[in-house]
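S.K.: predicted model follows, preceded by the sequence.
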Amino acid sequence: FTMYTQPLSSLIKTLKHSYHFFADDSQLYDSTVPADTPSLACEMSSSIASVADWMHENKLKMNDEKTEVIAIGTRTKLAQTPLLSMTISGHEIELSHSVRNLGAYLDETLSMDTQINILCRALNFHLRRIGKIRQYLSAQSANTLAVSFILSRLDFCNSLLSGLPDAKLSRLQRIQNNAARVVLRQPRRASATSALRTLHWLPVKARIDYKLACLTFHCLHSDSCPSYLSELISPYKPTRTLRSQDASLLTVPRYSLKTSGKRAFSVTAPTLWNSLPSSLRHTDTFPTFKKNLKTYLFCMYLTAD
């Protein structure tokens, strides 16, 4: 299928829009100022029509019913945007407040509220099911279920949560704390830090840092890392000879908005990487880096009560 649809990328490149391909899903995106949003919508509608024509010529059909449109920006910019819908293949599609992208939900202000709400519902559901049968399980079996149904979902796309306020992450942390108590069969008022330390579980914020640091390592040392990520970071090169030139640091670019610019991968990844110990930044192999990184985060986040 990928080979069959490969010419589609060449067509989209001529349309001068950015794009991503995922298996049988294609995404177009572009940026503009709020006042020019309607003209951009017309251009993208025309581009999508060209894509639909190409698909028709090659015995394929674009699924109009699953096509979604979202405008992303600050609340102020969105309020200035006159666009309410787009016409695609003769169908008028209203703008969505949130869209699902590879299992993660992105909302129009990138607040990640939708993602956290849906994630909390799923985690609480599985936690209740594990709690009902906990008395029939061994400690090892309960831990396996919690890792499979709770921690795996906490880790999925969790780098998108980097930089969020603690008030939002605390909702996920409470669920992880309750999961640890269920596994250890401890009362609700038992120390969460002690339970996490016993199970050797990193807390939510540390798990986010762990994922982000691993992605950064791959961008710096792996040729298989996607170019759209590796191109966002660059080594720090001082203008004159300094001791920091051999410290394996990354350049932290300027940003304009704390709610989105500060949370961008191009900012959070270098900031986190530069905060790691020098011994970690100079590690050459990924297995060693993962092991030492987890030890470092474990000691930093799970200190004594």
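M.R.: Yep, that arrived.

S.K.: mind listing what's buried along stretch 271-280?
M.R.: By 16 or more other Cβ atoms under 10 Å, the buried positions in stretch 271-280 come out as L272, W273, N274, L276, L280. Any C-beta I mention is one placed from the backbone N, CA and C, and that applies to glycine too.

S.K.: okay, strands next: where are they in this protein?
M.R.: Per DSSP state E, the chain has strands spanning 18-22, 25-29, 85-88, 91-94, 98-101, 104-107. These are given in chain order.

S.K.: grab the nearest non-local neighbour of L184.
M.R.: The spatially closest residue to L184, leaving aside those adjacent along the chain, is A195, at 5.5 Å (Cβ to Cβ, 6 or more residues apart in numbering).

S.K.: residues contacting the one you found?
M.R.: Contacts for A195 (Cβ atoms under 8 Å, 6 or more residues apart in numbering) come out as N177, A180, R181, V183, L184, Q186.

S.K.: one more pass at 6 Å, please.
M.R.: For A195, the contact set (Cβ atoms under 6 Å, 6 or more residues apart in numbering) comprises A180, R181, L184.

S.K.: and which of these is nearest to Q115?
M.R.: A180 (22.4 Å; Cβ to Cβ).

S.K.: quick one: the closest one and Q186, what's the gap?
M.R.: 8 Å (Cβ to Cβ, to the nearest Å).

S.K.: got it, and H126?
M.R.: Distance of H126 to Q186, given as Cβ to Cβ: 19 Å.

S.K.: try L8
M.R.: For L8, the distance to Q186 equals 54 Å [Cβ to Cβ].

S.K.: what sits closest to I130 if chain neighbours are left out?
M.R.: Closest residue in space to I130, ignoring its immediate chain neighbours: L145 at 5.2 Å, by Cβ to Cβ, 6+ apart.

S.K.: can you get me a residue count around that neighbour?
M.R.: 20 (other Cβ atoms under 10 Å).

S.K.: before I go, just wanted to say thanks for your time.
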